[in-house]
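[1] just a sequence and a predicted model for now, questions to come.
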Amino acid sequence: MKIQKDDPLNKDLRELLTHALKEVGHLLHGSIHKIKKIDYKSEANLVTHIDKAAEKMILRRIKRRFPDHAILAEESKPHGNSRYKWIIDPLDGTTNFAHTFPVACVSIAVEKDGEVILGGVFDPFRNESFFAEKNCGAYLNGKRIRASKVSTLKESLLCTGFPYDRRMYAGPYLKIFGGFMVRCHGIRRTGSAAIDICYVACGRFDGFWELKLNPWDTAAASLICREAGGELSNFRGKPYSIYDQEALASNGLIHQEMLKVLKKHYPM
């Protein structure tokens, strides 16, 4: 599906998405060192009052401009039935944020007829804005980005994250980690899947894997990565969906090597 840049609706979608990212980013930047009320969705899954306030800011903008559009957001129940769906993570990296570790972002995507057509990820602590429109390329602060040209796993820098049930399944997750650790230059863990995938898109990382993510974690970043020439799939090598439980992103050149490691160390 080719997005027409001169379509007035697409222009309105882009403008709202961009403004919402900046507005919420300003809130996150100004709030990280303030006292935060922390609740627990599960033993290792935090939520702060800033997550909720940020999401309300985004929803308020969308409902005012596009009241009929559907919403899928981390801190709210899904609602609406429309060709257009906004997929929102108001604060990706909540655990980092709660500990004043400044690696976090806001992620917003627009899905049309089941396909993500717009995606933006804004890291207010580095003032980095990643953006992509379907079939129009990927950008960082307005400059075109491309995935890396690293061609072998042994020369790569990888990133990953661990699911919230890691205390129960530490063994299997660490087995995968170990499988990659002995085959690459290094592995990093930032604590934000959206940032990780965007870093694959701009060449800072060469590959990323993680289990049990949610659509709002990857909707925007996965489009950005694809538009930057990256490749995404599940752990079996099948085309990636934001509704999958397995996410593998790479520069494309090391994708098959990464799949071999996953197939060896993860019980499919």
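    Done, it's in. Numbering: from 1, shown residues only.

[2] which residue ranges of the stretch 101-250 of the chain form helices?
    170-181, 193-201, 215-227 (DSSP state H, counting those that start in this stretch).

[3] how about the first one: buried residues?
    The one in question is helix 170-181. Counting neighbours by 16 or more other CB atoms under 10 Å, one finds that the buried residues in helix 170-181 are 173, 176-177, 179-180. (Glycine included, C-beta is placed from N, CA and C.)

[4] and the residue nearest the centre of the chain, how far is that from Asp92?
    The centroid of the chain falls nearest to Ala194 when counting by CA atoms, centre = their mean (2.4 Å). Taking CB to CB, to the nearest Å as the measure, Ala194 falls 4 Å from Asp92.

[5] low-confidence stretches in this protein?
    Counting by pLDDT under 70, the chain has low-confidence residues at 1-6, 42-45, 268.

[6] domains in it, as residue ranges please.
    8-144, 153-265 (automatic domain parsing).

[7] would you mind finding the most buried of those domains?
    Across those, the average number of neighbours (mean count of other CB atoms under 10 Å) peaks for domain 153-265, which reaches a mean of 21.

[8] just how off-centre is that one within its chain?
    11 Å (CA atoms, centre = their mean, to the nearest Å).

[9] same check on stretch 130-140?
    Counting by CA atoms, centre = their mean, stretch 130-140 comes out at 14 Å from the chain centroid.

[10] quick one: contacts of that stretch?
    1-3, 5, 10, 14, 18, 115-123, 128-129, 144-146, 198, 201-202, 220-221, 223-228 (CB atoms under 8 Å, 6 or more residues apart in numbering).

[11] ok, now with 6 Å
    Residues from elsewhere that reach stretch 130-140, judged by CB atoms under 6 Å, 6 or more residues apart in numbering: 2-3, 117-121, 144-145, 198, 201-202, 223-224, 227-228.

[12] and stretch 25-42, by the same measure?
    With CB under 6 Å, 6+ apart, stretch 25-42 has contacts from 46-50, 54, 97-98, 100, 106, 122, 124, 164.

[13] repeat the analysis, applying 8 Å as the threshold.
    Contacts with stretch 25-42, where a contact means CB under 8 Å, 6+ apart, come from 46-50, 53-54, 57, 91, 97-98, 100, 102, 104-106, 122-125, 164-165.

[14] what do you get for stretch 232-248?
    87, 116, 193, 197, 207-213, 215, 218-219, 222, 225-226, 249-250, 255-256, 258-259, 262-263, 266, 268.

[15] same check, this time on stretch 47-62
    16, 19-20, 23-24, 27-28, 31, 36-41, 69, 71, 73-76, 86, 88, 90-91, 94, 97-98, 106, 108.

[16] longest helix in the protein, please.
    helix 8-31 (DSSP state H).

[17] ranges for the strands of the stretch 101-250 of the chain?
    Per DSSP state E, counting those that start in this stretch, the stretch 101-250 of the chain carries strands over the ranges 105-112, 115-123, 128-133, 138-140, 143-144, 157-160, 186-188, 207-211, 231-233, 246-250.

[18] okay, these in TSV with distance to Arg64 next?
    TSV is the format used below for these (distance: least, CB to CB, whole Å):
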stretch	distance to Arg64
strand 105-112	15
strand 115-123	18
strand 128-133	22
strand 138-140	27
strand 143-144	31
strand 157-160	37
strand 186-188	39
strand 207-211	34
strand 231-233	33
strand 246-250	33
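
[19] nearest to Asn81, out of the ones you listed?
    When these are compared for distance to Asn81 using CB to CB, the nearest one is strand 105-112, at 12.7 Å.

[20] run the chain-centre distance for that closest one.
    On CA atoms, centre = their mean, the centre of strand 105-112 falls 9 Å from the chain's centre.

[21] partners of it, with directions?
    strand 84-92 (antiparallel), strand 115-123 (antiparallel) (DSSP bridges).

[22] show me what that strand is in contact with.
    In this structure, residues lying in contact with strand 105-112 by CB under 8 Å, 6+ apart are 1, 13, 17, 20-21, 24-25, 28, 54, 58, 83-93, 116-124, 192, 194-195, 216-217, 219-221, 223.
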